[in-house]
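Visitor: just coords:
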């Protein structure tokens, strides 16, 4: 990064806004970005629309101010209005130069806050999902308020194309920056954890198939459980480990019981130590029905874990079939089980995918590259608006 570019942004005030501060991919990306930018000389604040979570706690431990607005999961109009007023106050009182938001609700509320804010600032919305299943009201507000945003930052070409097609946002206002992974944290290794050891198969050569993510309908975990039901008919000594939580959790447990897989499927809930969890997996499976750009796939490849995933959204921008992983159609448990069996039986294929996956991460998806790209975007956007006399 050009030193002049870095120096010109020192002392600028950045506000990050996010809907929630749990353990999801967007939340972790915000944490890494906020700490990195603070270390490069920016003054950083964070606002979370909902209650404080794990990432909020980590940010505060890192010395970054976090304000939580405590909105409900389905906020009322008065709640949203109060949050917009609070955002406006934070922006004005701290003389914010640039607001960068993550997740749909935060994106909408920051745009509305800008409409009612006296202070001029750059607004960047991170768009990280396809979001075909958004509620009608959220979709309407999302489209209604798009003009308030200066730049839309997408994490895949699939998300960019979705914005172009569904929201008719000018291509000049969209930039794609792929997510990155910390290769010092995610790397091939084995973690000695008694809880993780307890869910491995009894046989030493037994295999662990893993899933990490939200337990929501669009993640396709039902299809994965059905696929494991088919896999078990061919290979008894394997186990499915599901990491995460969400609205589908109870339904998935019922499906496991219906398929009599209680002894073969473990639900670990939300875990903070994903790097350690990945070292337990022999295969990671991502059975999504829609996907913006799955960070967990990058983390698995960096950890030396081969991947089976559905060919949806931005996933094919990471996984090249038979080279860096295996791709299958979504909502097809039979093809998903076939791909899992192929990897379980073919050690040569697994080794090739692992080697190619690690090489891909080193070349294209390291986190330092992501942060440098965003730093340049901040610099360019701020410089452009300063030249126009709007900041």
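Guide: That came in fine, so what should we check first? In this text, all values refer to a predicted model and were calculated from it rather than measured experimentally.

Visitor: use CA for all of it now, contacts and neighbours both
Guide: Noted.

Visitor: Show me the contact partners of stretch 106-116.
Guide: 17-19, 49, 80, 83-85, 87-88, 99, 101, 123, 125-126, 141-142, 145-149 (C-alpha atoms under 8 Å, 6 or more residues apart in numbering).

Visitor: and it, how far from the chain's centre?
Guide: The chain centroid and the centroid of stretch 106-116 are separated by 22 Å under C-alpha atoms, centre = their mean, to the nearest Å.

Visitor: ditto for stretch 207-227
Guide: 16 Å.

Visitor: Run through the stretch 51-200 of the chain and note the low-pLDDT ranges.
Guide: Within the stretch 51-200 of the chain, the stretches with pLDDT under 70 are 131-145, 190-200.

Visitor: quick one: the helices in it?
Guide: With DSSP state H, counting those that start in this stretch as the criterion, the stretch 51-200 of the chain has helices at 54-61, 77-93, 104-115, 136-144, 157-166, 194-197.

Visitor: List the buried residues in the longest helix seen in the chain.
Guide: Assignment by DSSP state H gives helix 367-387 as the longest helix of the chain. Within helix 367-387, the residues that count as buried by 16 or more other C-alpha atoms under 10 Å are 367, 369-372, 374-378, 381-383.

Visitor: Over to stretch 241-251?
Guide: So for stretch 241-251, counting by 16+ other C-alpha under 10 Å, buried means 241-245, 248-249.

Visitor: any idea how far the helix or strand containing residue 340 is from the chain center?
Guide: Assigned by DSSP states H and E, residue 340 belongs to helix 333-345. Mean-position distance between helix 333-345 and its chain equals 25 Å (C-alpha atoms, centre = their mean).

Visitor: again with stretch 37-56
Guide: Counting by C-alpha atoms, centre = their mean, stretch 37-56 comes out at 16 Å from the chain centroid.

Visitor: next one: stretch 321-329
Guide: Remark: stretch 321-329 is offset 20 Å from the chain centroid, using C-alpha atoms, centre = their mean.

Visitor: Backbone dihedrals for the closest residue to residue 373 other than its chain neighbours, both of them.
Guide: Excluding the flanking residues, the one nearest residue 373 by C-alpha to C-alpha, 6 or more residues apart in numbering is residue 177, at 7.1 Å. The phi and psi values for residue 177, taken as degrees, to the nearest 10, are phi -130, psi 110.

Visitor: give the contact list for residue 177.
Guide: Residues in contact with residue 177 (C-alpha under 8 Å, 6+ apart) are 153-156, 370, 373-374.

Visitor: what about residue 169, how many neighbours?
Guide: Residue 169 has 19 neighbours, counted by other C-alpha atoms under 10 Å.

Visitor: mind checking how far residue 326 is from residue 210?
Guide: 15 Å (C-alpha to C-alpha, to the nearest Å).

Visitor: ditto for residue 119
Guide: 48 Å.

Visitor: more crowded one of those two?
Guide: residue 210 (24 against 15).
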